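[1] below is the sequence, then the predicted model.
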Amino acid sequence: MTQTNKPLRILVVDDTVVYRKIVSDVLAELPDVEVVGSAHNGKSALIKIKSLQPDLLTLDIEMPEMNGLEVLQFLQKEAPGVGAIMLSTLTQQGGAMTMRALDLGAFDFIPKPQSGTMAENKEAVKSALAPMLKAFSRSREIRQRLSTMTPRTEKVAPVLRPQWRPPAKENEAVVHRPGSSSIVAIGISTGGPNALSQMLPRLPADIGIPIVIVQHMPPLFTQSLANSLNNKCSIAVREATNGEALMPNVAYVAPGGKQMKIVAGGDGTQRVLKITDDPPENNCRPSVDYLFRSVADHYVGRATGVIMTGMGSDGTAGLKIMKRNGAYVIAQDEASCVVFGMPKEPIESGIVDVVAPLDRIAAEILKTISFSARMAIKEQAKG
């Protein structure tokens, strides 16, 4: 936030004294943040939202009387300008509730530390929460800026095509042929679950190719994400497992806390997924760059890379390698991103072929898939 902006006003909502103190203490140490109060459950939070008018809640999901999901439903109807960052438990039930919270408009979530000293837990919350608050502030500023722009009255093309800047000659060895992609690789972070739940259901069940996804998330939550998406999509969506062969019409979500890459199968032609404990890259595990490099190696001239909403720059380096190896690159546009971080550098570096709003990304993907997959779609439509 700039010095001319007012501090971000935050209400801390949690039913446990320990976490109210941890979060309040962390926020007190951060610049451009003001803790305006705390609440011990959802009912208390509703009263304080009206009187204190916060910009953002740190919101526990599981609380007595009124839980965090019910608070989010209230915000949607009565206070849509108030954001929320969820504090989630590292359990299967907590993961499922977190996916629901993101569907209801929560900005993002951080997992509650499950062990350690008070000081260690405070540091864990601070390291997760501090960059998220900066991203929330930037996102709010972008939304305000876009809302003040004069709207165009004429119908505009939904997809913007940036001016192409040719790469260096050594990078021109492989050129993507229209309609040649045999795989789609997606990198996404903050705002990702909601964006994926809007984009992936637009893809047909018989798309004919596999899709691999890195969504920055901790363990357990990626399983809940895959389950949630699978219930919404025509294609199958599941959390990836080590050694499974890539199959058409399936989207594979990288497991939280692990790295995922593509390797050659035993027959030399089949491609399989390898799940590893390799170190984080860009402070991320799973990392988009880690996956994208392997896609570049095994799908030369026949891959589509998609970079979507998220903090940071994970994916940029991998996309550059994919582009050098003949991939087609699609980026989500600024207006539809929750955080315009991950798509920004690839767009500015000139490696992106199409910049598209969220509701057009699936259509752009379908333009790039292989001829045989397209024929499968047409045959299915005839039937």
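    That came through fine.

[2] mind listing the strands in the stretch 51-200 of the chain by residue range?
    56-60, 83-88, 108-111, 183-188 (DSSP state E, counting those that start in this stretch).

[3] how about residue 274, nearest residue that isn't a chain neighbour?
    With sequence-adjacent residues excluded and distances taken as Cβ to Cβ, 6 or more residues apart in numbering, residue 274 is closest to residue 263, at 4.8 Å. Where C-beta positions appear, they are placed from N, C-alpha and C, glycine not excepted.

[4] now the helix or strand containing the one you found against strand 183-188, angle please.
    Assigned by DSSP states H and E, residue 263 belongs to strand 259-264. Put simply, strand 259-264 runs at 170 degrees to strand 183-188, going by axes from the mean of the first three to the mean of the last three Cα atoms, to 10 degrees.

[5] and the next helix-or-strand element following strand 259-264, what does it pack against?
    Beyond strand 259-264 on the C-terminal side, the first helix or strand identified by DSSP H and E is strand 271-276. If you count contacts as 3 or more Cβ pairs under 8 Å, 6 or more residues apart in numbering; DSSP states H and E, strand 271-276 packs onto strand 259-264.

[6] partners of the strand it packs on, with directions?
    According to DSSP bridges, strand 259-264 has the following sheet partners: strand 271-276 (antiparallel).

[7] for this protein, what spans make up the helices?
    Under the criterion DSSP state H, helices of the chain are mapped to 17-29, 42-52, 68-78, 92-103, 118-148, 192-199, 221-232, 288-298, 316-324, 344-349, 361-368, 371-382.

[8] residue 206 is nearest to which of these?
    Between residue 206 and those, the tightest spacing by Cβ to Cβ is seen for helix 371-382, at 4.5 Å.

[9] export only the CA atoms of stretch 10-26, formatted as PDB.
    Extracted in PDB, the C-alpha atoms of stretch 10-26 (Å, rounded to 0.1, in the frame of the first residue of the first chain):
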ATOM      1  CA  ILE A  10      -9.000  -5.800   9.800                       C
ATOM      2  CA  LEU A  11     -11.400  -7.600  12.100                       C
ATOM      3  CA  VAL A  12     -10.100 -10.800  13.700                       C
ATOM      4  CA  VAL A  13     -12.700 -13.500  14.000                       C
ATOM      5  CA  ASP A  14     -11.900 -16.800  15.800                       C
ATOM      6  CA  ASP A  15     -13.500 -18.800  18.600                       C
ATOM      7  CA  THR A  16     -10.200 -19.600  20.300                       C
ATOM      8  CA  VAL A  17      -8.400 -17.000  22.400                       C
ATOM      9  CA  VAL A  18      -5.000 -18.400  21.300                       C
ATOM     10  CA  TYR A  19      -5.600 -17.700  17.600                       C
ATOM     11  CA  ARG A  20      -7.200 -14.400  18.200                       C
ATOM     12  CA  LYS A  21      -4.000 -13.300  20.000                       C
ATOM     13  CA  ILE A  22      -1.600 -14.900  17.500                       C
ATOM     14  CA  VAL A  23      -3.300 -13.200  14.500                       C
ATOM     15  CA  SER A  24      -3.800  -9.900  16.300                       C
ATOM     16  CA  ASP A  25      -0.200  -9.800  17.400                       C
ATOM     17  CA  VAL A  26       1.000 -10.600  13.800                       C
END
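
[10] so for that stretch, what gets flagged as buried?
    Under the neighbour-count criterion of 16 or more other Cβ atoms under 10 Å, stretch 10-26 has 10-15, 19-20, 22-24, 26 buried.
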